[in-house]
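Attaching a predicted model along with its sequence, questions to come.
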Amino acid sequence: MAISKHLVLHNWIALSLIREAHTHAAAIASSRFSEKSTRVYYAKNNLNSSDEVHAQEFTELVQLGEFIQMSIGEFQKQYFALMHKNRLTKLKHCVNYLRHFMDNLSQTETIISSILPIKEINFVHYDKTLLMRT
């Protein structure tokens with residue numbers, strides 16, 4: 001169980017460090033020095049000064065959250081504000097991908113329904129108004 005929690009944490013950190021929409025990758029490793037001290041190392045395929053600034057701001061947010069025992073709600077608010085500020089290109093790419101998927105959802109339902117002989121397929125219909133174009 002502890003291994004899966006660490007994988008989730010490592011994946012979250014790595015994904016938080018990716019700023020660009022395409023051809024951008026990050027990998028991390030961590031070393032625990034004591035019960036309260038862990039050092040995280042990261043590598044990226046295209047590391048630049050903006051990435052370093054973002055990584056430092058992300059680190060400071062995580063450390064602040066731990067130091068002042070920030071509520072989950074407040075941490076999430078500050079985390080997403082930071083991601084919006086530094087990762088807008090990546091976020092727009094993800095939203096556009098989701099829009100494309102949802103636009104094609106009814107077409108996918110028709111194809112799957114015609115292929116499968118099962119008559120009791122219940123697809124969840126998502127509210128497209130949540131993803132209004134600006």
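Received, thanks. Residues are numbered from 1 along each chain as shown.

for the chain, what's the longest helix?
Counting residues, the longest helix found in the chain (DSSP state H) is helix 49-67.

OK, contacts around the residue sitting nearest the centre point of the chain?
Centre of the chain computed as the mean C-alpha position; nearest residue by Cα atoms, centre = their mean is residue 15, 5.3 Å away. Contacts for residue 15 (Cβ atoms under 8 Å, 6 or more residues apart in numbering) come out as residue 26. Backbone N, C-alpha and C define where each C-beta goes, glycine included.

quick one: pLDDT of it?
Residue 15 carries a pLDDT value of 84.

secondary structure element for it?
If you go by DSSP states H and E, residue 15 is part of helix 2-17.

ranges for the strands of the protein?
Defined through DSSP state E, the strands belonging to the chain, from first to last, are 26-34, 37-44.

which residues are contacting the last one?
Same thing as strand 37-44. Around strand 37-44, the neighbours that count as contacts under Cβ under 8 Å, 6+ apart are 13-14, 17-18, 24-33, 51, 55, 59.

could you flag which of those are buried?
The neighbour-count test (16 or more other Cβ atoms under 10 Å) applied to those identifies 13-14, 17-18, 24, 26, 28, 51, 55 as buried.

Tell me the one of those residues nearest residue 95?
Taking Cβ to Cβ as the measure, residue 18 is the one of the buried ones among the contacts of strand 37-44 closest to residue 95, at 15.1 Å.
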